[in-house]
Every structure is written in structure tokens, then in C-alpha cells.
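Peer 1: Build me a structure from this.
(chains A and B)
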Amino acid sequence: MSSSEQSAQGPSSSSESPTSITFSVKSSNDAKYTVSLAPTTSVADLKTKLAELSDIAADRQRLIYSGRVMKDDETLAFYKLQSGHTIHMVKGAASNTARGGASSSGPTTGGADARPTVPTNIAAGTGNNPLAGLTGARYAGHVQLPNADMFGPDGGMGPPPDAEQLAQAMSNPQFQSTMNDLLSNPQIMDYIFASNPMLSQLGPEVRQMMQSDLFRQLMSNPQVIRSMSQMSGSLGRGFGMGGGAASFPEPGRTDTTPASDPPAGSTSTGPTPNPTAAGSPPPLNPFLPGAAGGNPFAALFGGQPPRAGASPAQTPGQTQGQTTGQVPGQVPAGLDPNTINSILGAMGGMGGGQPSGPTGDPAGGAPNQPLPPNHPLAGNNPLAILLGANGHLGAAGALRAAQAQAAAPPVDNRPPEERYEEQLRQLNDMGFYDFDRNVAALRRSGGSVQGAINELLGG
Amino acid sequence: MVAKVPRNFRLLEELEKGEKGLGADGCSYGLQDGDDVMMSNWNATILGPPHSTHENRIYSLKIHCGDSYPDEPPVVHFISKINLPGVDPNNGRVDLLKLGRVSQWNRDNTMEKILVALREHMASPNNRKVHQPPEGTTF
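Peer 2: Presented below is the predicted three-dimensional model:
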């Protein structure tokens, strides 16, 4: 019985025993083992032998010969294995795969028992994970999963990112593409809408706005954020405190969803029914999400920026009243003031509802309840933070988008495998088989195959 | 008989390639019954391509090479259940016309090329994430 790792292919007649056959076993990692065994040897024994040669435990080996999965209790002769032939060895991952392979191995082999395969790499494949689409490598690295320091002394809230941090984060192309991706992902949008009754009540035009290119551009443009921060500074508020902190509920406070309150707060002073403004304001949280959205909004529309600028002297409540009071008269034709108000509030509400990213229930239910790492909500994180810290920015963006054109240009909602189908095929043809890396590279290169190759080779 | 010589030569050639494992990665094929002199019925396996819902699965197929093979394409069925465009969801039959490079059948195509094309088809961006039936189920 000679066994050596070599690439010898041809039939090397074994001189040890006239009855033994010498064959190759080709492993999936390109290693090749030449084995000589008697035809009466069982497949199980062959696996034991291969386990010595290959580091792959016998119960994880799957052997394929002539289009059939070899069963442990059969002999080599059963499969008519002959000298010079080759068996393919595949490293199995999970016990059910072993059974699947065996029991489906064709009429001549019939059903088979599951081998006692113990999966040691549970992570193999995302095939049966229904959440794979959200937890996959597409969002890898951009999604903050809960970790130890998210539950610090402040209950995991942490300080809201300030304008500069945000702008920096946003200038990261990776982050931008993630944002883009999130906003253009219909599932995420569905989720946002579903989690925020306010938004879903508003009908399709809000969705259209949020998905419009312009809106996304605004949301992911560092310049815009900087200028917004300056603007809100001139309005007498720190940027971070404007939308971010304002819409942050105090730790432990759970009820921040606008919809969860009846629209009857003392702050709904506008002439129009303003469910959002009414919804959020808790007595302890002076900066109303709705108001945070309202101010720059008023400024944007150029109604009375100086007055808005004077607002530091005013109490938040007054600001709110003033803003909402002004809004209806200044809204350009084409958008119902109610809608606008609701958007503003909803933005703030989203910020308030998702203050701590993965630890916060976006519906405002239980901010301190950690989500499992693969929870789909985790995919929302960048968006939540963005909206949280930029409630007013987002709202302004939405308004501008709406101003520009109520009917937003069609958005490329297609998944990357579809959008980059041709490019991916080209990359595949060139030997780049890693789908996720290819997509990431294509994203970074804006869909250019050449750029993606540079990316792939460089990275 | 004259027509059959090339057929059998050809099939012998493919048989040898399959048995010796000279073929492409991830695919294997061989005669269902080694004593079948007509070499009509074949078994094949496709190892599910990585980074797809097929990963770590072994798909079994049967291939029937009719008398006019390779002038006519063989008939290919999946034995393992699979959810894949071009595969009949009722009986597992593969519609070769849906398989890019072997859709235009010619004599140079082989069973291996079909298997490779199938594997690529499974790994293609459109199909790689398609939800698959539980493993071990058969048509």
C-alpha cells in the first residue's frame, strides 16, 4: 500500500498486490492523493485512509466517482473503480448535506443513511438563512452590530455624531455606496415605511422622494452636510444638537414614536393639523424632532431666515409654533403642507426612534433591547444614524427633491447582481469569481469593469 | 452501424475522461451501468458552486444519450431537486436551450460541457441566490 501526495496521473500498476487497484483521489483544494487498495475495501475504509493523508476527517469527506456519491458501506468494486481512475473528494460542511448527497445519488445507489457528520463550520454558506440578503457581505463592515461598548454608562446611546464626523463618514465612498444601496433597496424602504406609520400614511410620493436620486445625493453629499451644519449653526443651534441630540430620547425613554401619541400636544400650534409636531414632544425633551426639522425648512424656503436665525432667544416651543405657523403659507405649489410637516416630523421621529442603532427599536418600543446580530434591522443602521443626526437635513433634502420635481427620476432599484450583470459576467470570465468582492469593487468603481479589476487586484 | 461508431467512440472518450477525473472541477459523470455496451445512461454530479445557495450541495443528475448522440443533444434530468430556471420543476428535466453555451447544440458539445454550463448557470448572478428546496429531496 503506497500512498504519496503527487500528481501522478497515469495508471501506476501496483506491484504490492496483484489484486489491488491504484487510483487517484482529487481533493477540492487541488491536492491529489494516489492510493492503492484492494477492490474489496469499503468506502469507509478508504475515507479513513484519506483522513490520514489529507487532514479531512473521514466523516466530512464526500467522495464522488463517475457521477455518483460513494456510500460508506459499499466497496470499491461496487463502483467498478479501476486502476488509473480518479475519485473526487469534497469536504462536506453540514450533516444534512452529506445525507442529501447520499440519498440523492441515483437509482443505483438508492437511499442512504446520514453519516454522522458533525458540522464544524456552521458558517458555511448563507443558503438557508432567509436574512442573508440583509446580513450578507454587501453590508459587511457598514453595519454596526451591537458590541460591548454600545452599552456604556449612557445606556448605549453614545454621543450623536457631529457634523464633521458625519461628513467624514459620508465622504467615504464605501459608506456612500451603502447609503445609496440602503435607500434604493425597496426592502429597506418598505421596512422604514412599515416601521413608521406616519410615513406609510403619507402615501407613495414620500417614498418616491426618499428614493429619488436627488434626495440620495443630498443625503450622501458631505458638502451638503457641512453647509447644512453651518446653516443650522446660524440658526443658533449646534448641528449635533439640532437634529441629532434633539431627537435623541433620554436613556430609558421608550416612547418616542410620533404615531404613538395622539395628535393633541400643546405644541401643535400650526394652523394645519400637524400630527408630527404633536406626536413627539415629551416634556423632558425640549428639542422637538419636528421642530428640529422645521427650522431649516423654514430657512430653506427663504420665508424669514432672519427671524429663524433669531430663534436662539426663543424657547423651543415658540420656535415650533412659529415654524409650523409659517410653513403652510410658504410651501410652493405641488406639495401639500400636511405632507411636508409630516415628513419633517417623521424624519425626526425616525431619528428619535432609532437613536442607538442596533439597540433601538425603530418603532420606538424599546431602545435598550438589543437586536440579534443578524436581525434585519441592523441593516438600517447607517440610515438611522443619518436620519437621527440629520433629521432636518433629510427633511430639507426631501423638500428640495420635492421642489425640484414631484415625480422623481426612476431609481435603479435592481439588486447588484442584476444591475452589474454584464460586468459581473465579464469579471467572472476573467477569473474573478468572488461575487461579493466583485460587486463591492464594481460599486466603488461606479460600474466600470476596468476600475473594478484595479480594485480587485489592488485590494 | 456506421453511424454508431462515432457515437460510441465519442462516449468511450467521455467515459474515460469522466472516470479519470480529467474533466472540469465540480462536475463528475460516469456510466450508470458499467456493463451497458450502448453507454446510454449516465450518472452525473454537480458540486454546487461556491457563494451561492447551492454551495456545499451535491446535485445528482441522470443523462441519457440517445442513439443519435452526439448529433442530437442528450436528455438531462436533475435527480436532486433544484430550483433553477430552465429546469422543469415537475420532473427535473433540463431545457438545454436555456443554457447559454450549449443551447446551440453541435457535435463538439459533450456531457461535461453541459454540466459545466449548468454549474455556471447555477452560479450566474440571476440564479445564485434563488431559494432552494431542502437538500436530499429528489424529483
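
Peer 1: mind listing what's buried in stretch A:444-459?
Peer 2: A:444-445, A:449, A:452-453, A:455-456 (16 or more other CB atoms under 10 Å in any protein chain shown). Every residue, glycine included, has its C-beta placed from N, CA and C.

Peer 1: Could I get those residues in TSV, plus columns for secondary structure and pLDDT?
Peer 2: As requested, these are exported to TSV (DSSP: H, G, I helix; E, B strand; the rest coil; pLDDT from 0 to 100):
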residue	secondary structure	pLDDT
A:444	helix	83
A:445	coil	84
A:449	helix	85
A:452	helix	86
A:453	helix	85
A:455	helix	81
A:456	helix	83
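
Peer 1: For the stretch 351-459 of chain A, which residues are neighbours of chain B?
Peer 2: For the stretch 351-459 of chain A, the residues in contact with chain B under the definition CB under 8 Å from any CB of the partner chain are A:417-418, A:420-421, A:424-425, A:428, A:433-436.

Peer 1: Tabulate those residues (TSV), appending secondary structure, neighbour count and distance to residue B:27.
Peer 2: Converted to TSV, those look like this (DSSP: H, G, I helix; E, B strand; the rest coil; neighbours: other CB atoms under 10 Å in any protein chain shown; distance: CB to CB, whole Å):
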residue	secondary structure	neighbour count	distance to residue B:27
A:417	helix	17	23
A:418	helix	12	27
A:420	coil	23	27
A:421	helix	15	24
A:424	helix	23	22
A:425	helix	15	20
A:428	helix	17	17
A:433	coil	13	16
A:434	coil	15	21
A:435	helix	25	20
A:436	helix	13	24
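
Peer 1: need the residues you listed in TSV with pLDDT, can you?
Peer 2: Shown next, in TSV, are those (pLDDT from 0 to 100):
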residue	pLDDT
A:417	74
A:418	77
A:420	83
A:421	82
A:424	86
A:425	85
A:428	83
A:433	81
A:434	81
A:435	83
A:436	84
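
Peer 1: Please look at residue A:56 and residue A:28 and confirm they touch.
Peer 2: No - if you go by CB atoms under 8 Å, residue A:56 and residue A:28 don't touch, sitting 9.3 Å apart.

Peer 1: Report the set of residues contacting both of the two.
Peer 2: A:89, A:91 (CB atoms under 8 Å, 6 or more residues apart in numbering or on different chains).

Peer 1: So between those two, which is more surrounded?
Peer 2: The neighbour comparison of residue A:56 against residue A:28 (other CB atoms under 10 Å in any protein chain shown) goes to residue A:56, with 20 against 15.

Peer 1: Can you tell me the closest non-neighbouring residue to the more buried one?
Peer 2: Nearest residue to residue A:56, sequence neighbours excluded (CB to CB, 6 or more residues apart in numbering or on different chains): residue A:91, at 5.4 Å.

Peer 1: show me what contacts that neighbour?
Peer 2: For residue A:91, the contact set (CB under 8 Å, 6+ apart) comprises A:27-29, A:56, A:60-62.

Peer 1: out of these, which are inside helices?
Peer 2: Secondary structure from DSSP state H places none of those in helices.

Peer 1: How about the contacts made by residue B:23?
Peer 2: Counting by CB under 8 Å, 6+ apart, residue B:23 has contacts B:17, B:29, B:112, B:115.

Peer 1: if you skip the residues just before and after it, what's nearest to residue 57?
Peer 2: You didn't say which chain, so I picked chain A. residue A:51 (5.7 Å).

Peer 1: meant chain B actually
Peer 2: residue B:48 (3.9 Å).

Peer 1: how near is the one you found to residue B:35?
Peer 2: 31 Å (CB to CB, to the nearest Å).

Peer 1: Next: residue B:76.
Peer 2: Between residue B:76 and residue B:35 the computed distance is 22 Å (CB to CB).

Peer 1: Those two: which is more packed in?
Peer 2: Between residue B:76 and residue B:35, counted using other CB under 10 Å, the more crowded position is residue B:76 (24 against 6).

Peer 1: burial count for residue 32?
Peer 2: Here I'm looking at chain A. For residue A:32, the count of nearby residues is 16 (other CB under 10 Å).

Peer 1: try chain B instead
Peer 2: 20.

Peer 1: was I right about residue B:33 contacting residue B:41?
Peer 2: Yes - applying CB under 8 Å as the test, residue B:33 and residue B:41 come out as touching, 6.6 Å apart.

Peer 1: May I have the phi/psi pair for the residue of chain A found nearest chain B?
Peer 2: Chain B sits closest to residue A:66 of chain A, with a gap of 2.1 Å, by CB to the nearest CB. Dihedral angles of residue A:66 (phi, psi; degrees, to the nearest 10) stand at phi 50, psi 40.

Peer 1: before we move on, what about residue B:7?
Peer 2: According to degrees, to the nearest 10, residue B:7 has phi -60, psi -50.

Peer 1: what's the distance between it and chain A?
Peer 2: 19 Å (CB to the nearest CB, to the nearest Å).

Peer 1: Please name the residues that touch that residue.
Peer 2: B:65, B:67-70 are the contacts of residue B:7 under CB under 8 Å, 6+ apart.
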